[in-house]
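Visitor: here you go, sequence then predicted model.
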Amino acid sequence: MHADVHRLEAEWARVKYQVKDEGEQLTEIESLKKQADAVVRQYPGQAEPLLWDGIVTSENAALANIFQQLGLAKEARGLFERALAIDPSGLNGAISMSLGVLYYRVPGSPLGFGDDDMARKDLETALAKDPNGLDANYFYGDFLVEQGEYDKARNVLVHALDAPVDKERPVWDAGRREEVRQLIAKAEAHVRS
């Protein structure tokens, strides 16, 4: 199972960070979604495949047309909720983090299910479980930027760069660190103005 999940992680990172054409990204993420669905079917009752199927589905939602986005986001939320029911620890906060990301990136009512209070709660839960994690700090920092809490965001994001380099996931690690640096610059620009 771990090898199959690792392949999903690696392919997701390649598509997200190395495929530059949006149309090609969408085609490849849709193909990866089918693979992720198959991994979930292959390992029923396992939280990690559900988490990665949810992550791939979330990425698909971000790239899809406006008519498909909410349906895919709801599907991702369902996958994360199923994973959390299997593993209440949330895979060291990864499931809570993923739910939090959906809650702050999806529009609120009446268009969607977005909820900044739920997002903050889930992201802070993830950060409590993985206080030095690159992703946990990145997404919490991104949320804080969205909320206009630029000083706090900058501190969280600077801390994200202190996370150990993940040599097993080099494409993801390099791509995420670049996103962190861009967000730091954004937060600092707001602090200075």
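Guide: Good, I have the coordinates. From a predicted model like this one, the values you see are computed outputs, not experimental measurements.
Visitor: how about residues contacting the lengthiest helix in the chain?
Guide: Secondary structure of the chain per DSSP state H: the longest helix is helix 170-192. Outside of helix 170-192, the residues within contact range by CB atoms under 8 Å, 6 or more residues apart in numbering are 9-10, 12-14, 16-18, 134-135, 137-138, 141-142, 144-145, 148, 150-151, 153-154, 157-158, 160-161, 165-167. Where you see a C-beta, it was placed from the backbone N, CA and C, and this is true even at glycine.
Visitor: mean confidence for the helix or strand Ala73 falls within?
Guide: Using DSSP states H and E, Ala73 falls within helix 66-86. Averaging pLDDT along helix 66-86 gives 96.
Visitor: domain map for the protein?
Guide: As assigned by automatic domain parsing, the chain contains the domains 1-123, 131-193.
Visitor: the chain: helices as residue ranges?
Guide: 2-18, 22-42, 47-63, 66-86, 94-105, 116-129, 134-146, 150-160, 170-192.
Visitor: want to throw the ones you listed into TSV with mean neighbour count?
Guide: What follows is these, written out as TSV (neighbours: other CB atoms under 10 Å):
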stretch	mean neighbour count
helix 2-18	16
helix 22-42	16
helix 47-63	24
helix 66-86	17
helix 94-105	25
helix 116-129	19
helix 134-146	23
helix 150-160	20
helix 170-192	16
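Visitor: so what touches the helix holding Ala73?
Guide: With contact meaning CB under 8 Å, 6+ apart, helix 66-86 is reached by 40, 45-48, 50-51, 53-55, 57-58, 60-62, 64, 90-91, 95-96, 98-99, 102, 106, 111-113.
Visitor: go with 6 Å
Guide: Residues from elsewhere that reach helix 66-86 (CB atoms under 6 Å, 6 or more residues apart in numbering): 47, 50-51, 53-54, 57-58, 60-61, 64, 90, 95, 98-99, 102, 106, 112.
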